[in-house]
Structures are given as C-alpha cells and as structure tokens.
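1. Could you work out the structure for the sequence below:
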Amino acid sequence: MAPARSAAVYLATMDPIVARKTWRTLEPLHGMIYFAPEAGEEYARLGLSGSRMGYFASRAAALGPVAAEVVIATFYNFNPELVRSAIPAAWELASPAAVIAARCTAALRALRRGLGSELSSSDAVAEAAQLARQAAEEASEHVAGRPLFAAHAALDWPRDPLLQLWHAQTLLREFRGDGHIACLVVAELDPVEALVMHEASGELPPGALRTSRAWGDSEWADGVERLRSRGLVTADDPPTLTSAGRALRQEVEDRTDARALPPYAALGQDGCERLRQLARPLSQAVVAAGLLDTSAMARAAQE
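-> Below you'll find the predicted structure:
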C-alpha cells in the first residue's frame, strides 16, 4: 500500500473537476448493473427473490457472507429494516461467490446487448479498459478507510476487456463512495439527513430517495426537522437548502472530489481526457439502449 498522502498533494497536480467528469462519464457503464433486466434474471436463477435482495446481495457479496449490520454500515443510507429483509437470508440461498459470478455474467450480457457486437469488441473498449484498470489499480494502493472498495478490489480481474472496463469502473465508484461516506460522517449528516440534503438541492424529485431507500414518513420528517434546527434546510414543504445548507453540501462534495483524486492523478489530465473520449460513446450507447433510467446518468454520458 502506498504511503498516505494528503489531499492537498493531489490537488496540486490535478483539478478535481477533471477527476469528477471522468468518473461521471464512465459511470453509466457501471451503474447499468442496478437497472438492467439481465441482472434480475441471473440473480433469480440463484433463488434470490426480488430486486432488493439481488441489489444488496450482489453489491455486498465481495465482503463475504456478512451480517446485515455490515451492509447497513457500508451502504450507509438505506433503512436498516430494508437491508435486514434481504441480508443474511440471501446467503442461505446462494454463496457470495455464486452471486459475484452471476453479477459478472449479467454485466457482460447487458453491456454486449447495449453496445452491440461491433462496439463491444472494439479497440476503444480495450484501450478504455486498460486506462480504467490503471486508475483502479492505483486506487487499490489506497484502501485504508474504504471497506467496500477494498472488498471489490480483492476480487480477481476478469479476462474479457469489456468486463474489465466494467469492473474497473465498479472499483472507482466504490472508492469514491467510501470517501463520500467518510465526508458525510465528518459533516455530521446521518443517513436520512444526507438524503434530505440531496433532495433539498433540487437535483432529484421530492420523495425519490425516501422511496428508494425505504424510509418512513416519520423518520423522514424527523430528519428534516434536525436539519431545520441546524439552519441547513428551509421550513418549506418540500424543504430546500438554505445558504448554510448549500455551503455544507458543497463542502462535502469538494472533500469527496479531493479524496477521489489518487486514481485519476495516476492517469494525469491527458490520460483522463483520453479515457473520457473513449468512454463517452460507450456510455451514450448504454443510455440509448435503455439499460438504465436515471436522468443524472443520462447527462453524465454526455460529459
């Protein structure tokens, strides 16, 4: 593992906006695994019932047959009861190794369908996979404090270039995600509060995160009230961010960006620009094929 270096060292070598744009441009290639029907089909073959069980088991499988509390901690913002409805029951139906294999099979099937045979086997995929893997392997030198990333980083690299690209972006996504959770903890934003702040920013429609993370009305209202008492959201319904709330949210995002820099700094600005150039049409094809249905990822494919 590489010696610890401060965020300031990386900030001196790369603009965090470059790193953020590179991550966002590639993210549809990873994020589609949570929406593509191939995933549900592969998990159902293992006996995993429903999209929730498939989601929690497939993303957590790299950790091993862990208790629900480990998933609650590392995923951060889901209602614990939702997690407990799927974990550890999933491990009684399928081993983590079988779930990982099913997830990889689903990813390859979905990407090949979305990209088509010609693009799936193109030189662009091979080169993008090489660059993304270089970044992900650099990230693997910085595992301290990033448990979910570290678990995925310990998995074997796939041989297929398209699957290598997907796996590399999976690692880069979890690397950033673990860092983001650390920033939320430092900002004293608990799981519900973090979601309320996100919705209050106006980036998502009201109720979207409360529903997908399965928080009840009273739990959500309590989270809103805690933020109001801190002067971070307004008393409107739905609430919006105050100036203090916008400042804190920006601080969290800036800190997240800074702590996500190491893998992209290893590529340098030219390497990041090349990776974005290669990945942009791939991500656009994923979106066009309907492999995911989120406006944020659709926008990211254009970056």
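2. Could you list the low-pLDDT ranges of the protein?
-> The chain contains residues with pLDDT under 70 at 1-12, 293-303.
3. What residues does the residue positioned nearest the centre of it make contact with?
-> Taking CA atoms, centre = their mean, the centroid of the chain lies closest to residue 173, which sits 4.4 Å from it. Counting by CB atoms under 8 Å, 6 or more residues apart in numbering, residue 173 touches 23, 27, 30-31. Glycine gets a C-beta too; all of them are placed from N, C-alpha and C.
4. Specify the local secondary structure of residue 291.
-> coil (DSSP: H, G, I helix; E, B strand; the rest coil).
5. what helix or strand is the residue nearest to residue 18 when sequence neighbours are not counted on?
-> Nearest non-adjacent residue to residue 18, counting by CB to CB, 6 or more residues apart in numbering: residue 272, 5.3 Å away. Taking DSSP states H and E as the criterion, residue 272 maps to helix 262-288.
6. Report the distance from that helix to the chain centre.
-> 16 Å (CA atoms, centre = their mean, to the nearest Å).
7. Give me the helices and strands touching it, please.
-> helix 16-31, helix 96-120, helix 123-139, helix 161-186, helix 295-300 (3 or more CB pairs under 8 Å, 6 or more residues apart in numbering; DSSP states H and E).
8. rerun at 6 Å
-> helix 16-31, helix 96-120, helix 123-139 (3 or more CB pairs under 6 Å, 6 or more residues apart in numbering; DSSP states H and E).
9. next SSE after the shortest one?
-> The reference is to helix 16-31. Defined by DSSP H and E, the subsequent element after helix 16-31 is helix 37-45.
10. Tell me which residues of stretch 227-246 come out buried.
-> Residues of stretch 227-246 classed as buried by neighbour count (16 or more other CB atoms under 10 Å): 227-228, 232-234, 239, 241-242, 245.
11. cool, stretch 114-128 as well?
-> For stretch 114-128, by 16+ other CB under 10 Å, it's 114-115, 119-120, 122, 124-125, 127-128.
12. just stretch 13-31 next, same as before
-> 14, 16, 18-31.
13. Contacts for that stretch, please.
-> Residues from elsewhere that reach stretch 13-31 (CB atoms under 6 Å, 6 or more residues apart in numbering): 166, 169-170, 173, 257-258, 260-261, 264-265, 269, 272, 275-276, 279-280, 283, 286-287, 292, 297, 300-301, 303.
14. Among the residues you listed, name the buried ones.
-> Of the members of the contacts of stretch 13-31, the ones counted as buried by neighbours, 16+ other CB under 10 Å, are 166, 169-170, 173, 257-258, 260-261, 264-265, 272, 275-276, 279-280, 283, 286-287, 292, 297, 300-301, 303.
15. what's the residue nearest to residue 18 in contact with, if anything?
-> Going by CB under 6 Å, 6+ apart, the list of residues near residue 272 reads 18, 22, 264.
16. so can I have JSON lines of these showing distance to residue 48?
-> Formatted as JSON lines, these follow (distance: CB to CB, whole Å):
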{"residue": "18", "distance to residue 48": "38"}
{"residue": "22", "distance to residue 48": "33"}
{"residue": "264", "distance to residue 48": "34"}
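17. Find the residue closest to residue 193 in space, skipping its chain neighbours.
-> Nearest one to residue 193, counting by CB to CB, 6+ apart, is residue 223 at 5.0 Å.
18. Can you name the two of the buried residues of stretch 227-246 that sit furthest apart?
-> Using CB to CB, the pair of the buried residues of stretch 227-246 lying farthest apart is 228 and 241, separated by 11.3 Å.
19. ok so, going back, farthest pair in the buried residues of stretch 114-128?
-> 114 and 127 (18.9 Å).
20. Just put the buried residues of stretch 114-128 in a markdown table and tack on distance to residue 79.
-> Formatted as a markdown table, the buried residues of stretch 114-128 follow (distance: CB to CB, whole Å):
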| residue | distance to residue 79 |
| --- | --- |
| 114 | 31 |
| 115 | 35 |
| 119 | 39 |
| 120 | 37 |
| 122 | 42 |
| 124 | 41 |
| 125 | 38 |
| 127 | 42 |
| 128 | 36 |
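21. wait, which of those residues is closest to residue 44?
-> Nearest member of those to residue 44, counting by CB to CB, is residue 114, at 20.2 Å.
22. correct me, but the closest one touches residue 290?
-> No. If you go by CB atoms under 6 Å, residue 114 and residue 290 don't touch, sitting 8.1 Å apart.
23. What residue, apart from its backbone neighbours, is nearest residue 82 spatially?
-> residue 214 is the one closest to residue 82 (CB to CB, 6+ apart), at 4.1 Å.
24. ok, how many other residues are close to the one you found?
-> 15 (other CB atoms under 10 Å).
25. From the centre of this protein, point out the most distant residue.
-> residue 235 (30.7 Å).
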